[in-house]
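Engineer: quick one: sequence and predicted model below, then my questions.
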Amino acid sequence: MEGLELTAFQIISAVGTARSAYIEAIQAAKHGQFARAEALIAEGDKAFIEGHDAHAGLLTREAENGPGSTLSLLILHAEDQLMSAEGFKTIALEFIDAYKRIEDLEARI
């Protein structure tokens, strides 16, 4: 495996790891483990950047070689996974904030 396929799998693997970390961060926050949730967000960000950089490399390659690069379902899937992971981060941050607020309110009762 080489070229576009390898890059697509690098993206899918990295952002899949990121998405899993973001989901795990929500679960940690749900159980009041906010430091762990923040660490998982950071871990997810590191993996996401790896996938994003691989994607940026594809874009750079296309810009250098001009339009007409091979577009495959695998590349489309990789981009979909990239966007999905980014969305999960946004959701995870919102859930973490909500769980912190709930915990603060419960502590006042």
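Structural biologist: Arrived safely, thanks for sending. Numbering: from 1, shown residues only.

Engineer: and the least confident helix or strand in the chain by mean pLDDT, which residues are buried?
Structural biologist: Taking mean pLDDT, DSSP states H and E as the measure, helix 34-65 is the helix or strand of the chain with the lowest mean score, a mean of 92. Going by neighbour count (16 or more other C-beta atoms under 10 Å), the buried part of helix 34-65 is 37, 40-41, 43-44, 47-48, 50-52, 54-55, 58. Yep, even glycine has a C-beta here, placed from its N, CA and C like the rest.

Engineer: what sits against the residue nearest in space to the middle of the chain?
Structural biologist: When C-alpha atoms, centre = their mean is applied to the chain, the residue found nearest the centroid is residue 85 (3.3 Å). Neighbour list for residue 85: 15, 16, 18, 19, 22, 44, 48, 51 [criterion: C-beta atoms under 8 Å, 6 or more residues apart in numbering].

Engineer: count the residues that sit near the fourth one.
Structural biologist: Which is residue 19. Per other C-beta atoms under 10 Å, the neighbour tally for residue 19 reads 23.

Engineer: looking at the contacts of residue 85, which one is closest to residue 92?
Structural biologist: Distance to residue 92 across the contacts of residue 85 (C-beta to C-beta) is lowest for residue 22, with 4.1 Å.

Engineer: quick one, the helix or strand containing the residue nearest to the centre of the chain and helix 34-65 angle?
Structural biologist: Here residue 85, judged by DSSP states H and E, is contained in helix 73-108. If you take axes from the mean of the first three to the mean of the last three C-alpha atoms, to 10 degrees, helix 73-108 sits at 160 degrees to helix 34-65.
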